[in-house]
Structures are given as C-alpha cells and as structure tokens.
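K.L.:
what follows is a predicted structure for the sequence shown.
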2 protein chains.
Amino acid sequence: MSFSTPPKTRPGSLLSLSRRAIGVPPSPIRKLVDDATAAKKRGTKVYHLNIGQPDVPTPPQFFEALRNFKEPVLAYGHSKGHTDLLEAWSGYYARKGLDVLPSQIQITVGGSEALWFALILICDPGDNVVVSEPFYTNYFSLAMAVGVQLHPVAADPALGYPLPSRRDLEAAIDDRTKGIMICSPNNPTGTVLTRDEMATVVQIAEEHDLFILSDEVYREFCYEDTHISIWQYPQAGDRAILLDSVSKRFSACGARIGALISRNTSIMDGALRLGQARLCTATVEQIASAKLMDLDEDYYAALALEYKGRRDLMCRRLAEIPGVRFEKPAGAFYLMATLPIDDSDRFCRWMLTDFAHAGQTVMMAPGSGFYATPGRGASEVRIAYVLEQPELDKAMTVLGAGLAAYPGRR
Amino acid sequence: MSFSTPPKTRPGSLLSLSRRAIGVPPSPIRKLVDDATAAKKRGTKVYHLNIGQPDVPTPPQFFEALRNFKEPVLAYGHSKGHTDLLEAWSGYYARKGLDVLPSQIQITVGGSEALWFALILICDPGDNVVVSEPFYTNYFSLAMAVGVQLHPVAADPALGYPLPSRRDLEAAIDDRTKGIMICSPNNPTGTVLTRDEMATVVQIAEEHDLFILSDEVYREFCYEDTHISIWQYPQAGDRAILLDSVSKRFSACGARIGALISRNTSIMDGALRLGQARLCTATVEQIASAKLMDLDEDYYAALALEYKGRRDLMCRRLAEIPGVRFEKPAGAFYLMATLPIDDSDRFCRWMLTDFAHAGQTVMMAPGSGFYATPGRGASEVRIAYVLEQPELDKAMTVLGAGLAAYPGRR
C-alpha cells in the first residue's frame, strides 16, 4: 500500500508509569537489602541498624489471641475497626491521661495508612504539608503517591534537630498549605518536642488555619521527659489529627494495625468513608492487638529502660569514633549522626560490598533518603539501635573500623 | 485599637476536608447498616443479601497456620510479600494453566490495595480509566481518593450487562485515558466476559495504547463456561495488570490479602516502591494464606457447585415475582435486578425501616451506588446470594411481599 497505516501508539503516551509513580523513591531503609544479602552469602555477619524493627518479643497475649480465634469464617470486619479494638485503644489512651473516645478512632493498616488517609483527607492533588526535615522517609513516598507535596524546613543537626524556628516554618507556608506535620519522638532524629515547641506548632496552625498531623507512634520511647501529645491541646480541637500504631511499642510491626484519631467529626466521617473504600483491616490481627492495649505501665517502663540503656551505650561508643558528630537524642530508637565521609549512600553501600572487620559489618540507612531537599543528608546516616547492648557494642567497633578504612573519608 | 487585627482564618480555607475526600461516597453496600441494626433490635430477622461476604467456612489450613506461628517477634515482612506466599500463589496460577512467576506478583492488602496501586501506577491526578457501569462501587471511591476519574460506559441491563460496544467504549477514551478496567466474573452484575469480549478489550487497549486492569477475584465462580483471564493474552504483554485476592475463593475476606500481577517490569518495580512506602502486609495472614493456595480442584468444583445451586434457586424465585426483570448471570455471586419501584435507595431503606413479612426482611444494596452517572441505577438493586438455599428461598418470599406492599411501587 502506498499510504501509511495509522500509528498504534498515541504520541507521548508510550505506556509509561505515571509521573507520581516514577517519583516514589525506593526505600532508603530497604534499598541496600540485596547488598546485605550478598555480604551474608560471603559469610560476613551484618548488624542491622538500618530498620526500625525492634528485637524484643511481641507480648504473648497477641499470639494467644491468634490461637484462640474460633470463628469458622474469616469475615470482613467493620470498616471503622473491630469494636473490641476501638474500646481497648480508648482504654489505652485513658491510662496515658488522654481522653479519646472510641468514636474518635479509625483503625488503619499500620501508621502508614493512617498518614495516607490524613493526607487524602486534608489535601487535594497539588496541596502541600509543611514538615521539618529530616523526616521519616515514607512521608515523602506516601505523599507523592497521592499527589501531595511536602514543604521541608531544615532542622539543625548541630543542635540535635529541634523544631525549626517559627519564622522558618512560616516561610514554608503558602496558599496551598493544608497542614503541618510533626513526629515526636522523631524518626529519624530521636528528637522529642518540648512543651514550648508543641505550643509553637499549635499557634502556627491556628494563625494559618492548618491541620496538625501528629505522628506519635514512639510515644513510650522517651528517656528524659514525659511525652507531650497533640491531644493535650484542646484548643487544637478540630485541627489535630493523631497518627498511631501498635508496631513499635508492642514490637508488632507485622500486625499492620494503626489508627487515625481526631476530635473533628468531618475528619472521622471522611476517614470512615476511606475505610469503607478498602473494606477493613485484618480481622484476627485487630482482635489480637486489642489484647495488647491492656498491658500495664510496668511493660512500658521496662521497654523504655531497655532502649535507654541501648541509647546510652550507642552514644558513648559513637562519641569515641573520631570525626563523628551527633547530639544525644531524647527518644525513639534512632539517631542521625554526621560522619566524616564524602557521601552516605556510597559509604553505606561500601560497608556492605567492600568492607568487613573480623568478618562483620554494619548496615545503616543513608541520610539523603530522609530529606526532600536535594543534596541534604549526604554526610548523615540514620542508626536504629534495635539490637541488644553487646551486639550494639560490637557494631560500633565495626563502624569505627569502617570509617577509618573508608577511601572516601573526609 | 482603631485598626483591625489580621483575620485568623485565611479566606476560603475554613479547615475543610479536601474536595476529593468530600467526593468519596459512603459505601452503598454498608450505608444501611444502622437501619439494619435498628430492625434487628425490633426483633426483625434480616437476610443479608447486601454484602459479598461468603458464608462458607474458611478452609481449616488457614487457622492451623495461625495457630502454628511460632516466631517470638511479629516482624515486618518483605515489602513485595512473603516468599512462601509468592511461590504458593505462582503455584496456584500454574494449576489454573496460567504461567505467572513469583517475581510478577506484588502482595497487597486485599484486592482493594491492588487496585489502588494500579491506579496510582498508571494515572496522575486528573487522568482517567474507562470502565463499564454498573461497576464495583469501591472502584469509584478508590479512584476518587487518588485523584483519578472513571469514565463510565453503560452496560445494558436488558441484555444482562454484557461488555458495552467497542464504539461506546472508544467514545469514552480521551487524551487523559490511561487504562480500561474490566471485572470478570463481574461484581455487581455476575456477567462473565466471553472470548470475543476479552479480545475486544485487548484490541482497544492496543489501538489506544492503554493499560488493562483486570479484576479476576471471582475467577472460580463461573457456572457456564471456563473463565478467561487477561493473562491468556500474551500480546497484551506490558499492558495487562491482573488484580486478585484470596477473599472470595477462600472465604477469607478478613485476611486482607490480595495481589497485583503484571509482566511489565516497570509496573512491578513501581508496585514494589509503593509497597515499601507502606512497609508490608500482615505477616501471619500471608503465611496462612499461602496454605490455601495448595487446595485442589475438588475444592473449587464444590464451591462452584454450591453457588450455582444458589444462583439457580435465586433466579427461579426472582422470576416468579411480578415486575422484576433480570438476566441469569453466568458468574460471581451477585446479580443486578430491575425492580418495579420509584427509587432503589428509598426501597432498600424502607425494607429495613418500615417493612417486615412474618418478622423478616431483606437487606440489599441500592443500584445507584454502582453507577458513576447520576440518575442511573435508580430502579436496580444488587443482590448477593451468599446464604444457603433455604435462607435464600425465604428471603425471596420476603422480597416478593415487600415489593407488593411498597408504597413507591411502579
């Protein structure tokens, strides 16, 4: 035929991923997994300080509940959450001095879905949320997936990453800003917000008419002062959205049970409609998680004592390594350290691919993954102290040897 | 002071929900729950034909696996999915004659998250997907939440809701259309796509360079012909995204385990990055679901026989009710019926609030919730035949009496 056939592919389409899907980064916490696997295959022992996976046993009440599940049909549950869990979670808050009604709780698939719901509820595509950086890396991924932008405001490493100044935070607010997001105790910095800092957040939100997203999944991991919750600010009323999870405090990361909590009835109604859209969270895991909510203060005290000991050891050993800078964090089980290196992505990979000290190495999360601003975090790493003290002690020896041997040392 | 203080609230902001959150509708399947609860409190027996919750027991292998879980720490799993489950699911497909590699599977939180991931992966906010209507109501909710539009194309009730004509489907495609979505066997219509219809979908996708999202969670519920999967079209290659779930075939709706399957490595890479953003799905539920994948064909044959009997009874009894119109569906466990009524929302509510026949009533899902086009579905209801035959038989008697007594009868 002398005339051409029409093209089968529309120009510009090319069956590509969406721009937002391309923009979701690989997890900086998990992206070195293949290198770690290869190191282990070579016989190298890898200390996993890269991921916030606690090593303490999940309380036995959880597994008892699994074993005791006797329904013949594993049916859908209520979209809001299992009644037992809603009531138990409300009871947990009461013991923490926080007056939260079951109706103010929406059960979610981990804290991740709670944040996802919150972003969808307050932001249309193109809207944004202000957050101090470094921040938990999945804030960025989850926001990107639903078309929400993060407006990062740098926290100062030299001061131990406190809340940025009011002026800096306000400079990041524009006419599409819908919320300000905080995480205390903080992942990845371990920073615990003070009463003054919390008050500043609430004031900024009131002044600029913003929602407050408060990630409090590390509530019990406070080693200096008691935790301050956004729920303690009744004047934040309809602005406050609390994000929570059973993962860390109950060492139950694999349960995937979290919650979104608010006094705002529109938010709770919207959260329920989003909940209905995905039907429910895992039925048995909810029933089992309800059993964890009754644990008494002794449990949390022992937990905090264990991690405080680890933190103290970590900080003591880290301070002995030449060129390493950090401030002792007050909470969570992470710290960000500034290392004498050219690039933390390169260093963390090198530790797995090229280095071993007495047959051992350390896996850490490169700092760049916790920043939205390009170029930031290049000399920082996040270290999760989720191993017992003798292991942490050995890991710090290995890290010191690694830093001494690293060709890109500065 | 003589000058006014600046306003505390930015004009137009008013701390409201996002437009998309407002646009997520309450579940039409679940929105009458309070009315049903009130009816039960009055002593009325309610036949639940409103929700696709099978009543057949979950296979005991699932619960055995729950009881046998012996890890001391309920840890995060791989973001892609537990290796046992990926391999077992691949084995399941092999027994169905579908050659799916574990690497082509991403485990998700039910089929819901699989669809959510697929929409995010192929669509930026404002993009759209073409789908025949009526469709599973949560397609709309999940799309709305992530800023994706559905372009509905009406399927004809009088013909039993077959795939709309190629001309009608193509008329709904515009320059922001990224995919065409099918569901076979269909929720809510029970329609099973024929070989010709599947070929048409593939041709349209090739011609217009679209992805194909194929929801096949009811694969085994085919009562006339064998199921045709999108996976059987290798020429669809990188276009095809299969959405699947353990919920219906294993009566394990509360497990929240699903999967997104594709030969497209970009899609699988993007799905993994989305998976990392929310860490993992429930660990124990994955291990238990893996045990279900080994069930042999006898299990599925018995399941299909059970539901075929129910369908036949339902259709026979429904055909006896004056003014009711429907075509016998070939699959799933739903049918859409056109009733002699003014408004199905009003009728379904009235059945719960104002009607009882010998102390019994029937809960159904109003048709409007399965349409994106305003006004459509007003005389249709979705009926899920998820009860045993004697119960269904009584429910149909009650429905007949309700239609005879309904003040809004037409």
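P.N.:
Noted; the coordinates are in hand. If you're wondering where the values come from, they're calculated on a predicted model, not measured in any experiment.
K.L.:
and A:M314, what element?
P.N.:
helix A:297-319 (DSSP states H and E).
K.L.:
and the contacts of that helix?
P.N.:
Contacting residues not belonging to helix A:297-319 are listed as A:56, A:59, A:95, A:190, A:220-223, A:249, A:324, A:326, A:328-329, A:333, A:335, A:337, A:383, A:385, A:387-389, A:392-393, A:396-397, A:399-400 [Cβ atoms under 8 Å, 6 or more residues apart in numbering or on different chains]. Glycine gets a C-beta too; all of them are placed from N, C-alpha and C.
K.L.:
any of the residues you listed buried? List them.
P.N.:
A:59, A:190, A:220-223, A:249, A:324, A:326, A:328-329, A:333, A:335, A:337, A:383, A:385, A:387, A:392, A:396-397, A:399-400 (16 or more other Cβ atoms under 10 Å in any protein chain shown).
K.L.:
domains in chain A, by residue range?
P.N.:
According to automatic domain parsing, chain A comprises the domains A:19-56+A:298-405, A:60-292.
K.L.:
among the buried ones among the contacts of helix A:297-319, which ones are in helices?
P.N.:
A:392, A:396-397, A:399-400 (DSSP state H).
K.L.:
what does the stretch 51-200 of chain A have sitting close to chain B?
P.N.:
Within the stretch 51-200 of chain A, the residues that sit near chain B (Cβ under 8 Å from any Cβ of the partner chain) are A:51, A:53-58, A:62-63, A:66-67, A:69, A:72-77, A:79, A:109-110, A:112-113, A:116, A:120-127, A:138, A:141-142, A:145-147, A:175, A:178.
K.L.:
quick revisit: between the ones in helices among the buried ones among the contacts of helix A:297-319, which sits nearest chain B?
P.N.:
A:L392 (17.2 Å; Cβ to the nearest Cβ).
K.L.:
what pLDDT does that closest one get?
P.N.:
Here, the pLDDT recorded for A:L392 equals 97.
K.L.:
hmm, it is touching A:A384, no?
P.N.:
No - with contact defined as Cβ atoms under 8 Å, A:L392 does not reach A:A384; the gap is 10.3 Å.
K.L.:
what number of residues are in the vicinity of A:P25?
P.N.:
17 (other Cβ atoms under 10 Å in any protein chain shown).
K.L.:
please disregard the earlier target; I meant A:S103.
P.N.:
12.
K.L.:
what of A:L86?
P.N.:
23.
K.L.:
give me the nearest residue to it, chain neighbours excluded.
P.N.:
Using Cβ to Cβ, 6 or more residues apart in numbering or on different chains and skipping the chain neighbours, the partner closest in space to A:L86 is A:P102 (3.9 Å).
K.L.:
so what's the residue nearest the centre of chain A closest to, chain neighbours aside?
P.N.:
Nearest to the geometric centre of chain A sits A:Y136, at 4.6 Å (Cα atoms, centre = their mean). Once flanking residues are discounted, A:Y136 sits nearest to A:N187: 4.5 Å by Cβ to Cβ, 6+ apart.
K.L.:
what sits against the one you found?
P.N.:
Going by Cβ under 8 Å, 6+ apart, A:N187 touches A:52, A:136, A:215, A:217-218, A:332, A:334.
K.L.:
ok, A:V148 next?
P.N.:
Going by Cβ under 8 Å, 6+ apart, the list of residues near A:V148 reads A:119, A:123, A:125, A:127-129.
K.L.:
and for A:P340?
P.N.:
A:322-324, A:379, A:403, A:409-410.
K.L.:
need the strands for chain A, in chain order.
P.N.:
Taking DSSP state E as the criterion, chain A carries its strands at A:45-48, A:105-108, A:128-133, A:149-154, A:177-183, A:211-215, A:240-245, A:258-262, A:334-338, A:360-363, A:365-366, A:380-384.
K.L.:
please point out which parts of stretch A:360-380 sit buried.
P.N.:
Within stretch A:360-380, the residues scored as buried using 16+ other Cβ under 10 Å are A:360-372, A:376-380.
K.L.:
ok so, going back, taking the residues of the stretch 51-200 of chain A next to chain B, please make a PyMOL selection of just the buried ones.
P.N.:
PyMOL command restricting these to the buried ones, with burial defined by 16+ other Cβ under 10 Å:
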select buried, chain A and resi 51+53+54+58+62+63+66+73+74+75+76+77+79+109+110+112+113+116+120+121+122+123+124+125+127+138+141+142+145+146+147+178
